[in-house]
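Here is a sequence together with a model predicted from it:
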Protein chains: 2
Amino acid sequence: MTTTDEYLAFAHLLADEAGNVLRRHFRQSTPAESKEDGSPVTVADREAEAAMRVLIRQRYPEHGIFGEEWSRENINAPLQWVLDPIDGTRAFMAGYPTFTTLIALCENGVPVAGVIDQPYLKERWVGNTVMPHSLRHLPQDGGRPRNECGVTIATTSLTCFTAAQAAAFARATAGHTVVHGGDAYAYAMLCDGHLSAVIDAGFKPYDFCALAPVVQAAGGVITDWQGNPLTINSSGEVVAARDAEVHGQLLRALKHVL
Amino acid sequence: MTTTDEYLAFAHLLADEAGNVLRRHFRQSTPAESKEDGSPVTVADREAEAAMRVLIRQRYPEHGIFGEEWSRENINAPLQWVLDPIDGTRAFMAGYPTFTTLIALCENGVPVAGVIDQPYLKERWVGNTVMPHSLRHLPQDGGRPRNECGVTIATTSLTCFTAAQAAAFARATAGHTVVHGGDAYAYAMLCDGHLSAVIDAGFKPYDFCALAPVVQAAGGVITDWQGNPLTINSSGEVVAARDAEVHGQLLRALKHVL
């Protein structure tokens, strides 16, 4: 087992732990409050992230932790765990089973392992940089033929887009079917072949770091809107596609290259 | 058993039949095409509605049928089955388990029985005009205390709103948490207490007729934006709330009454 595989095995444990917390809170009267940026946070977010932090501190006390809900730890460590206990807190609050837990390990800023976990449906997608595609952890209906519905593109929420980003998104999606909503669950559905592409903007590192290894392990292509690989310092613009051809088309439209 | 209860029992059979079709197609390579209005439709939509129509013609040949995918039958019959085989076709195509089947029976234009069915998760919400609240068909985690996160309001998609409707929506939701997406699944989550309200516009009769009996049976309030009961001829503006107080507040904001 390589070190990277060891880290991915540990990421599974983190997802299990977060899932135990989230299943207790989902569709209950979980109190919520507004954060400084106006986005909601629940006790489930905080408890799930705290539970993962306890495990990381025990096993890898020298690693850094960069989570959505609590302050950074070991900020200069080369290995950083990047955690979003609930991606899609609004979906979680509404009772929609499409929220996920996102876990990434970044090495010198580069995501090398990732997990997208949906604990209510017990669906999980994982990836790391040494994983052959055949080893990825597929949900029960994974591996089926890709959707043939033409190009179907998802986006989390246009409300996060600047005017220029919204114009670029409109160019890229002209003539295609657009699915609104989904958060990281859309990237999981991309991995399973149900979506052609996902385009987002305004993402934070804990929103996107986990996505890169998972999408790449599934054979997809994921970069920022300039075509650069995602790192912990990326801008928060993300474009992921099922193959290089679709990715290239979208990238040209987003960059307005004719 | 009253006649209305008989119809609701039959509506369960229709939902079972549609669910059998949809489970076969969900997360498969189901071909899709664009309808005249640009919205997508899949063979799953068409097959599920056709299967329900066969059952209705056998059991109630004198009843009318008003479905999204095929032409109307017995258009002057006082009893009309109003069918949306897949509410949330884009979600269905993307693999999100939040699409639903909607079934309503309207008597002289008034919805008297309704079903919201999620066949992949096997969740179903029903209602009719003679149903005591305690008899409604709850999913496994129904009946828990209502969410205490303040006022959380869902909407299917602002892209269906006119500019005036968008302004009214902004007034009504100011200061509250807004959840985008969900289609009819949002109304089901309202019934279970996870959302305070749902506001939509641009709905067709097959999008909203089933919602009214279900929300009312769960103790909620649902009308158009003028406060009128929903009928098969309603405008397509819908506001549903967990109680009369929240409904009244939203209605005043939507109508701009100070």
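Received, thanks.

Tell me where the stretch 151-258 of chain A has helices.
A:163-173, A:184-191, A:205-208, A:211-217, A:244-255 (DSSP state H, counting those that start in this stretch).

need the ones you listed in JSON lines with distance to B:Q165 and mean pLDDT, can you?
Quick note: C-beta positions are derived from backbone N, CA and C, even for glycine. Listed next are the helices of the stretch 151-258 of chain A as JSON lines, based on distance: least, Cβ to Cβ, whole Å; pLDDT from 0 to 100:
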{"stretch": "helix A:163-173", "distance to B:Q165": "20", "mean pLDDT": "94"}
{"stretch": "helix A:184-191", "distance to B:Q165": "27", "mean pLDDT": "97"}
{"stretch": "helix A:205-208", "distance to B:Q165": "30", "mean pLDDT": "97"}
{"stretch": "helix A:211-217", "distance to B:Q165": "34", "mean pLDDT": "96"}
{"stretch": "helix A:244-255", "distance to B:Q165": "30", "mean pLDDT": "95"}
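
and B:T3, which of the ones you listed is closest to it?
B:T3 lies closest, by Cβ to Cβ, to one member of those: helix A:184-191, at 42.4 Å.

by contact count, what packs against the closest one?
strand A:100-107, strand A:110-118, strand A:123-128, strand A:152-155, strand A:197-200, helix A:211-217, strand A:238-241 (3 or more Cβ pairs under 8 Å, 6 or more residues apart in numbering or on different chains; DSSP states H and E).

Give me the contact list for the last one.
Outside strand A:238-241, the residues that touch it by Cβ atoms under 8 Å, 6 or more residues apart in numbering or on different chains are A:172, A:187, A:190, A:196-201, A:203, A:208, A:211, A:215, A:220-225, A:230, A:247, A:250-251, A:254.

Also the fourth one?
Outside of strand A:152-155, the residues within contact range by Cβ under 8 Å, 6+ apart are A:169, A:172-173, A:176-182, A:186, A:189-190, A:194-200, A:250, B:32, B:90, B:93-94.

Of those residues, keep whichever come out buried.
Taking 16 or more other Cβ atoms under 10 Å in any protein chain shown as the criterion, what is buried in those is A:169, A:172-173, A:177-182, A:186, A:189-190, A:194-200, A:250, B:32, B:90, B:93-94.

and the longest helix belonging to chain A, which residues are buried?
Longest helix in chain A, counting residues (DSSP state H): helix A:3-25. In terms of neighbour count (16+ other Cβ under 10 Å), helix A:3-25 has its buried residues at A:4, A:7-8, A:10-11, A:14-15, A:17-19, A:21-22, A:25.

counting contacts, what elements does the helix or strand following that helix pack onto?
Using DSSP states H and E, the helix or strand that follows helix A:3-25 in sequence is strand A:32-34. Judged by 3+ Cβ pairs under 8 Å, 6+ apart, the packing partners of strand A:32-34 are strand A:40-42.

quick one: the strand it packs on near chain B?
Yes. With Cβ under 8 Å from any Cβ of the partner chain as the measure, strand A:40-42 is seen reaching chain B through A:40, A:42.

Distance from that strand to the middle of the chain?
Relative to the chain's own centre, strand A:40-42 is displaced by 18 Å; criterion: Cα atoms, centre = their mean, to the nearest Å.

relative to strand A:100-107, how tilted is the helix or strand that it is followed by?
As assigned by DSSP H and E, the chain's next helix or strand after strand A:40-42 is helix A:43-59. Using axes from the mean of the first three to the mean of the last three Cα atoms, to 10 degrees, the direction of helix A:43-59 lies 30 degrees away from that of strand A:100-107.

Name the residues that touch the following helix or strand past helix A:43-59?
Sequence-wise, the next helix or strand downstream of helix A:43-59 (DSSP H and E) is strand A:64-67. Strand A:64-67 is contacted by residues A:49, A:52-53, A:56-57, A:72-77, A:79-85, A:106, A:205-206, A:232 when judged by Cβ under 8 Å, 6+ apart.

can you do 10 Å?
A:45-46, A:48-50, A:52-53, A:56-57, A:71-85, A:103-106, A:204-206, A:209, A:232 (Cβ atoms under 10 Å, 6 or more residues apart in numbering or on different chains).

so where's the stretch 51-200 of chain A shaky on pLDDT?
Low-confidence segments of the stretch 51-200 of chain A, defined by pLDDT under 70: A:131-149.

can you pull the contacts of the residue nearest to the spatial centre of chain A?
Residue closest to the average C-alpha location in chain A (Cα atoms, centre = their mean): A:L211, at 3.9 Å. Residues in contact with A:L211 (Cβ under 10 Å, 6+ apart) are A:87, A:102, A:104, A:111, A:114, A:116, A:125, A:127, A:184, A:186-188, A:190-191, A:198, A:200, A:203, A:220, A:222, A:230, A:238, A:240.

can we see that at 6 Å?
A:L211 makes contact with A:Y187, according to Cβ atoms under 6 Å, 6 or more residues apart in numbering or on different chains.
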